[in-house]
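>>> Following is a predicted model, sequence given first.
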Amino acid sequence: MNNIQLSKNFSLKEFIKSSTATRLGILNTPQVAEIIAITSLVHIILQPLRSKFGPIKINSGFRCLELNTAIGSSKTSDHIKGYAADIECPSIANLELAKYISKNFNFKQLIAEFVTKQDPTDGWIHISFDHTDANNKKQCLHTEKVKGKLRYVAGLYK
């Protein structure tokens, strides 16, 4: 099942691979509903990005609830539903990639995570898409550390 080709350039294996899951012995296997959601994310956003900018690295895709809990992520994370991926693209700075996505795609949430203006390779971009189209609110956020705590702040960058 892991070898399912989702599009010309993306396979399911890229979305379920996790060194944490491997290390902890967690079986990170999506159900049919999650595979449908991942496939929609690929076709609507990721494959068009790949066609324009070249290779896209999936840092984190689908996470089963057990894996999501193990890494300390939110219980409501879109990764659990197969809606989200954390990505980078070597040919374009992360902040520029986020700006491009915000102007050219319908999405649920776009987060410039740990992206800095000083180093274009810092951080990654979290993108989520709800294939039911009910929740694609085009919310743009960025992360900031305030007094040692992570905050999500409106806008792609302050």
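Looks like it arrived, so ask away.
>>> does residue 112 count as helix, strand or coil?
Assigned by DSSP: H, G, I helix; E, B strand; the rest coil, the conformation of residue 112 is strand.
>>> And for residue 86?
Following three-state DSSP, the label given to residue 86 is strand.
>>> My guess is it contacts residue 57. True?
No: the criterion here is C-beta atoms under 8 Å, and residue 86 misses it with residue 57 at 9.2 Å. For the C-beta atoms, the positions are set from N, CA and C on the backbone; glycine is no exception.
>>> These two: which is more packed in?
The residue with more neighbours, out of residue 86 and residue 57, is residue 86; 18 against 12, by other C-beta atoms under 10 Å.
>>> Spit out the contact partners of that one.
Going by C-beta atoms under 8 Å, 6 or more residues apart in numbering, residue 86 touches 58, 59, 60, 61, 113, 124, 125, 126.
>>> Out of the residues you listed, which is nearest to residue 134?
Taking C-beta to C-beta as the measure, residue 134 sits nearest to residue 126 out of the contacts of residue 86, at 19.5 Å.
>>> Which strand or helix spans the closest one?
Assigned by DSSP states H and E, residue 126 belongs to strand 124-128.
>>> Skip ahead from that strand and say which helix or strand is next.
strand 139-146.
>>> Run through the neighbouring helices and strands of the helix or strand following that next one.
Counting by DSSP H and E, the next helix or strand C-terminal to strand 139-146 is strand 149-154. In this structure, strand 149-154 makes packing contacts with strand 139-146, judged by 3 or more C-beta pairs under 8 Å, 6 or more residues apart in numbering; DSSP states H and E.
>>> Name the residues of the strand it packs on that are buried.
Buried residues in strand 139-146, counting neighbours by 16 or more other C-beta atoms under 10 Å, are found at 140, 141, 142.
>>> Tabulate these (CSV), appending pLDDT and distance to residue 20.
Formatted as CSV, the buried residues of strand 139-146 follow (pLDDT from 0 to 100; distance: C-beta to C-beta, whole Å):
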residue, pLDDT, distance to residue 20
140, 97, 27
141, 97, 24
142, 94, 24
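>>> just those now: which is nearest residue 51?
residue 140 (22.8 Å).
>>> For the closest one, give its distance to residue 38.
22 Å (C-beta to C-beta, to the nearest Å).
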